[in-house]
Structures are given as structure tokens and as C-alpha cells.
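Participant: model this:
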Amino acid sequence: MILFVADLHLSPRTPGATALFLEFLAGRARQASELYILGDLFETWIGDDDIDSPEHAEIIAALRAASAAGLAISIMHGNRDFLLGDAFAAAAGVCLISEPYILSTAEWQFVLAHGDALCLDDADYMRFRAEVRTPAWHSAFLARPLAERRAIADGMRAASAASQRQRETPYSDLQAAATEDFLRAHGYATFIHGHTHQPATHDHIVDGIHVERWVLADWHEDRGECLVWDGEALHREVLHPAAR
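Facilitator: Numbering: from 1, shown residues only. Now for the predicted structure:
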């Protein structure tokens, strides 16, 4: 059994979502063989030298414990935590995977992505994405003191929230033509992604071939969701916190 999640956006501002994720790692997730986290596990990640901060310790320990118990955990960068690095992966016992990622099972083939790279109609975001994903930007940002990086990240988050409030739809969707090209380029594999916070299952007809696109749900203080591959079909499972 393989599980997929995305867009948890864990931070001290969302203790309910963090508690739900910890419960998930200690319980439901351990019934699976693999877990794929397709971006934005964290609301922000300002560098692996912040790995020992109290806000991250419990999450990293829970990931490591689940991995040690036999769950293979793969994490993809999102638009909020693209600075996750090798030190984080080693501490958490996880594997960092690049996008797009081809997942082949005995029964089926999937292509996995965070999803933001296909939001081509959002020109402002695509310019920002191109800038912050360069090695030069990474080096310059990581050379700043932690406190300064944290302030910059807080400013970016505030600017993003303000921009979303001004839109009719807070999160841009994938561009249709680019999505069809993506599906074609990856052999019409079933496409699983997050980022848009618009969970749905879409049916695409590309070159006469039916292709499914599954959009993962974002997590909230009182509700999460995982997508489950049971070897025959995909289905969604809603997650609620245990009674406390």
C-alpha cells in the first residue's frame, strides 16, 4: 500500500495540523509500505541549519521513528520548503526526490509533482519561482543569519497571503495546455500532485488516451487527507484527530 499527501504547511501557527500529522505517522501511515509527501510539508523552511529548532524537533523525530519502523518516506520540495536539504533528510530518515518523479509499481505507473511548475498563467509567481530556485539565490539566502532569513520568510508569507486575498480564486490552477503536454511527455501516466488546494479527480483525454489527474487536499487544523494506492485503485481517506 502506498500513501500520498501534500500541502500540510506545518508550523507553530497550526498546532492542530501538526498533531494530526504526528498521529498519522504513528498510526495509519505505518500500515503502508511507502509514503510520498509531495511538497509543502512545512509552511517555511529557511535552511537545514535551523533543523534543531524546537518547532521542527518533534516532526523530524516522528519521521525518523516511522522510517525506522519500516515505512519508506519520500519527500518532494514544495513552493514553501524548497530549501529542504541533505541534513534534514538524514536526520528524518527520509529520501528527497526531485520532480517530476516517476513511480512504477507492478500494477501501474504514476508521475508525481508538487504542481506549481505548471501554474503558468500566474506570471508573477512563475517569475518569483524562477528567481528563488537558482543556486545563486540559495547561496545568497543561506549566507544570511537565521534571524534575518526568518524575517524574510515571514515577509514572503505575508505578501503571499495578501496576494491571495485579492484574487477571486486564491490558488492558481494548472494551465490546461501545459498539463496536456506534461501528461504526453510522461507516457500518459496517472498524475498525482498538490499545490492548488483544490482536491479533485480530473479526466484528461490526451491523444485519444484517457489519463487521470488526482489533486491532493491541503491539511487543516481539524482535518487531513491521504490518497491511497491499494494495488488496484486509488481512493481518498479523510483523517481526523483522535479524541483528546
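Participant: other SSEs contacting the strand or helix carrying Glu131?
Facilitator: In the assignment (DSSP states H and E), Glu131 maps to helix 123-132. On a contact count with 3 or more Cβ pairs under 8 Å, 6 or more residues apart in numbering; DSSP states H and E, helix 123-132 meets helix 135-142. Where C-beta positions appear, they are placed from N, C-alpha and C, glycine not excepted.
Participant: quick one: the helix holding Glu131 to helix 135-142, angle?
Facilitator: Counting by axes from the mean of the first three to the mean of the last three Cα atoms, to 10 degrees, helix 123-132 points 80 degrees away from the direction of helix 135-142.
Participant: what comes up buried for helix 123-132?
Facilitator: For helix 123-132, a neighbour-count test (16 or more other Cβ atoms under 10 Å) marks 125-126 as buried.
Participant: same deal with stretch 200-208?
Facilitator: With burial defined by 16+ other Cβ under 10 Å, the residues of stretch 200-208 counted as buried are His204.
Participant: can you list contacts of that stretch?
Facilitator: 179-180, 183-184, 188, 210-215 (Cβ atoms under 8 Å, 6 or more residues apart in numbering).
Participant: got the contact list for the helix holding Glu131?
Facilitator: 79, 82, 116-117, 119-120, 137-138, 141, 163, 172.
Participant: Would you pull up how far it lies from the middle of the chain?
Facilitator: Relative to its parent chain, helix 123-132 has a centroid offset of 18 Å by Cα atoms, centre = their mean, to the nearest Å.
Participant: Leu25: which of the contacts of stretch 200-208 is nearest?
Facilitator: Closest to Leu25 out of those is Trp214 (21.7 Å), distances taken as Cβ to Cβ.
Participant: isn't there a strand covering Leu227?
Facilitator: Yes. Read with DSSP: H, G, I helix; E, B strand; the rest coil, Leu227 is one of the residues of a strand.
Participant: pLDDT value on the closest residue in space to Glu43 that isn't next to it in sequence, please?
Facilitator: Spatial nearest neighbour of Glu43, excluding adjacent residues (Cβ to Cβ, 6 or more residues apart in numbering): Ser11 at 3.8 Å. Ser11 is assigned a predicted lDDT (pLDDT) of 94.
Participant: before we move on, the earlier item: any chance of the contacts of helix 123-132 in JSON lines, plus pLDDT and neighbour count?
Facilitator: Formatted as JSON lines, the contacts of helix 123-132 follow (pLDDT from 0 to 100; neighbours: other Cβ atoms under 10 Å):
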{"residue": "Asn79", "pLDDT": "93", "neighbour count": "21"}
{"residue": "Phe82", "pLDDT": "93", "neighbour count": "18"}
{"residue": "Asp116", "pLDDT": "95", "neighbour count": "25"}
{"residue": "Ala117", "pLDDT": "94", "neighbour count": "18"}
{"residue": "Cys119", "pLDDT": "94", "neighbour count": "20"}
{"residue": "Leu120", "pLDDT": "93", "neighbour count": "15"}
{"residue": "Trp137", "pLDDT": "92", "neighbour count": "12"}
{"residue": "His138", "pLDDT": "92", "neighbour count": "15"}
{"residue": "Phe141", "pLDDT": "92", "neighbour count": "16"}
{"residue": "Ser163", "pLDDT": "67", "neighbour count": "13"}
{"residue": "Ser172", "pLDDT": "80", "neighbour count": "22"}
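Participant: mind listing which of the contacts of stretch 200-208 are in strands?
Facilitator: Those of these mapping onto strands are 210-215, per DSSP state E.
Participant: can you give me the helices in the protein?
Facilitator: Remark: helices assigned in the chain by DSSP state H are 15-26, 54-68, 86-92, 123-132, 135-142, 146-165, 176-185.
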